[in-house]
Structures are given as structure tokens and as C-alpha cells.
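Participant: Got a predicted structure plus its sequence, pasted below:
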Amino acid sequence: MDPRTLINQSNEHARRGDIERAISGYTKAIELDPSLVSAWMNRGILRARRGDHDPAAADFTQVIRLAPSRADAWHHRANARAAKGDHPGAIEDFSEALRLDPRSAPAWFNRAVARARTNDTQGACADFSEALRLAPDPMAHTNRGMLRSQLGDLDGALADLNEAVRLDPSSARAWYNRALLRVTKGEAGALHDLTQAIQANPDYFEAYWDRGLLHAQREDLDGAIADFTQALRIRPREAKVLFHRALARQARREFPGVVEDLTLYLELDASNVDAYRTRGRARIETGDLDGAIADLTEAIRLYPWHPQTLADRATALTKKGDVQGALADTDEAIRLDPNNRELYASRTLLRSAAGDQAGVVGDLEKMLGVSLEAKVEEAIRQIMARRRSTGE
């Protein structure tokens, strides 16, 4: 069969979405006539479309060998190299494509992306500017805005993101990045922008996560919990979201929910002291004293220098009737934090329950910062002096 007929048939297969038959046809055409540039080019494009970037790059290399002045071949090979993570190689190819066709806005845009991925922030900004000079593009404004923010040009970044949302109000990414910028600048409107991002993309995990954090900072616990719940709908085992929803639930005194969230969290990260400590406190509130003691014991094992964890375990032990165990924990907490009057007050009650009245007096003196005996003697002296002065 004539190779050009094969190419035409393959083009039709490609238009109908039958990629495999199209590639097979282009391959047969190449076998019949290896000089057919369109066969190499079209097969490379289809290979790239299905993710076969190495064979695609090889096809584009053949096009470049046969027709080195074709800017689109250099551009396609650059895209294939970028998809493989070869960003320096992609930049070289984009540069040649731009030498051949300096009015290609997509080539400027794509080289900008490759430069950004090699941390050439200034070069990437310059390329996005060229792309925008040739054609308005909300994505280019968004990307340049993000880069300007990294460079400290917050006003320039805001101008870009304003233009991005004006050009494309449905761009969730533009709304999201403007929200982050507004937080950085300390400006109002971040909550509005995150809401717009979510309306544009109801499965935008990061937007729910960040809006939840903003709600929590504003003490809108219902809003925070709702957003963290939506974030977990999208990523059910995202540890940071489980932890922060637990904290919001703790503030709401929803202690069973705290236990539920932190149980899932600790399946993902069993080394977090705060998670064991917080779940232990919640279990005290739910009456699960054995679970609370186990959690607080693990927290102490991981970090034995936190007096409040010892005090919390003492609370659980006290509720279980283990006064001596609670005293031991409170003694250690006081050793770690000898100026904490609340710890002395707790030990006073424990010593009283244990019948240690001398210890009670000692702790009261620590709380008052003075000897009770000296305090009583001073009071007697004042009474006697008053009586002498009045002749009683």
C-alpha cells in the first residue's frame, strides 16, 4: 500500500480516537518510507498523548533530523522531555523552537514552566511576560503571580491574580492563589476567594483545608469542622486534617469525635506526642479512664519532660482511685515545673486524701509563697500589738 494512503487512513483513525490503529498505520508508513516527516510527527504526537514519552521524543528527534527548521518539532520534543522530568533538555528545545518562531506564545509559556521547575524564577517570569505580550492568558497571569510572590513582589503578584480571575472567573487555581496571597499580605478577602475556588471546583482539597484553618483562626469552629470534613471527604486519611478537626472538636467539647479522629490519625502517625496527649484528655472526659491512662502513658514514654501530661495522668488515676499513683505523677510534674501553683493545689488535695497533713501544710506554704507557721506567728503579733495599743 502507498505510504501516503496509510498516513491518511491513520489520520482518520486518530480523529475517531482509535490511537492504536493510527500508530500502527504510521509505523507501517515509516517502514515503507522513512523520510515521511508527517508519519514521524503524527506518531510522536499520539505516543506522547498516551504517555509514551521516550518513544515520542525519539519520533520528534527523527522529524528534527529530517526537517530541522520545524519549530513545532522542537516544541513537541521539549514537551516530551519535560514530561519525563528532563527540564534542562526541555529548555534547550524550547529555546530552539523560539529561535525559529519567536511569536509562539505556547512555547514562551512552556519554557517558563520548565524554567520554574529548575528554580529559574526570574527567567520564568520573563518568559511568562513574553507569552502575555503575545496573547492574554489567565493561566500565565496566575503562574507569573505565584512567581512574583516568591520574588517578594506582592503587589505585582496581586495585579496578576486580579487579572487572572477577571479573565477566567471559573479558575479555581487563580482564586486559591489569590487567597494565599491575601493571607500573606494581611488583606481581607481570603475567605471569599477560597469560597470562590470551592465553587469553581467542589473537590478542591487545598481550598477546603486552608479555609478550615482560616475559620479556626477566627474561632468559627463550626465552619472549621465543616471544611475539614469536606477535605476528608476528598482525602479520607489525610493526617493533618484529622488532627486539626480533632482540635476543633476538642474546643467544641465534642470528645467522642476527638477520640475518633485521633484514633484514625495515630494509625497514620504513631509518634505524635500531642495526639496521644489530646486523645488521653478526651478519654478522661468520656469516662474511658483505662484508655486515657494508656494514651497518657505513651505520651510520657515519647516525651517524659512535659509536666502537664503527668498532671493529666494523675487526674485519670485519681478518678480511678489510685491516689498513690496520682501522687507519684504529681510529684514528678512538680519536679519538672516547681513554680506551678496549680500543681501544688492538686497535690494538696491528694495528700489530704492520703492523710498526709504535714504534706498538705507544706504544699499550702508553696502555694502562698510563705511559711504558714510564720504567717500565724505574724498574725498573733499583730493582734497582741493592737490589744496593747487599745489597752485591752
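Facilitator: Yep, it's here.

Participant: burial of Ile189, as a residue count?
Facilitator: One thing to correct before we go on: residue 189 is Gly, not Ile. Residues near Gly189, counting by other C-beta atoms under 10 Å, number 14. Backbone N, C-alpha and C define where each C-beta goes, glycine included.

Participant: Surely Leu296 touches Tyr276?
Facilitator: Yes. Counting by C-beta atoms under 8 Å, Leu296 sits close enough to Tyr276 to count as a contact (7.1 Å).

Participant: More neighbours: which of these two?
Facilitator: Per other C-beta under 10 Å, whichever of Leu296 and Tyr276 has more neighbours is Leu296, with 28 against 24.

Participant: So that one, which state does it fall into?
Facilitator: Following DSSP: H, G, I helix; E, B strand; the rest coil, we place Leu296 in the helix state.

Participant: what does Ala97 give?
Facilitator: Counting by three-state DSSP, the three-state call for Ala97 is helix.

Participant: State the number of residues packed around it.
Facilitator: Applying other C-beta under 10 Å, we find 26 other residues in the vicinity of Ala97.

Participant: got it, and the one 4 residues further on?
Facilitator: Summarising burial for Asp101: neighbours were counted as other C-beta under 10 Å, giving 15.

Participant: which residue sits closest to it, ignoring its sequence neighbours?
Facilitator: In space, and not counting its chain neighbours, Asp101 is closest to Ala71: 3.9 Å by C-beta to C-beta, 6 or more residues apart in numbering.

Participant: can you check Asp193 too?
Facilitator: Ranked by C-beta to C-beta, 6+ apart and with sequence neighbours excluded, the top spatial neighbour of Asp193 is Ala179, at 3.6 Å.

Participant: What spatial separation is found between the one you found and Asp137?
Facilitator: In this view, Ala179 and Asp137 are 21 Å apart by C-beta to C-beta, to the nearest Å.

Participant: Looking at the two, which one has more neighbours?
Facilitator: The residue with more neighbours, out of Ala179 and Asp137 and counting by other C-beta under 10 Å, is Ala179; that gives 25 against 21.

Participant: doesn't Leu194 make contact with the more buried one?
Facilitator: Yes. Taking C-beta under 8 Å as the definition, Ala179 is a contact partner of Leu194 at 4.6 Å.

Participant: what residues are shared contacts of the two?
Facilitator: Ala207, Asp210 (C-beta atoms under 8 Å, 6 or more residues apart in numbering).

Participant: follow-up on the earlier one: now for the residue nearest to Asp101: which residues touch it?
Facilitator: With contacts defined as C-beta under 8 Å, 6+ apart, Ala71 is in contact with Glu96, Ala97, Leu98, Leu100, Asp101, Ser104, Ala107.

Participant: and if you look at His76?
Facilitator: If a contact means C-beta under 8 Å, 6+ apart, then His76 has Met41, Gly44, Ile45, Ala48, Ala56, Phe60, Val63 as its contacts.

Participant: The third one against Ala56, yeah?
Facilitator: Yes. Ile45 is in contact with Ala56 according to C-beta under 8 Å; the separation is 7.5 Å.

Participant: who has more neighbours, the two?
Facilitator: Set side by side, Ile45 and Ala56 show more neighbours around Ala56, with 25 against 19, by other C-beta under 10 Å.

Participant: That one and Met41 touch, don't they?
Facilitator: No. Applying C-beta under 8 Å, one finds Ala56 not in contact with Met41, separated by 10.3 Å.

Participant: Quick check: buried residues in whichever helix or strand Val361 is part of?
Facilitator: Under DSSP states H and E, the secondary-structure element containing Val361 is helix 357-368. Residues of helix 357-368 classed as buried: Gly359, Val360, Gly362, Asp363, Leu364, Glu365, Lys366 (neighbour count, 16 or more other C-beta atoms under 10 Å).
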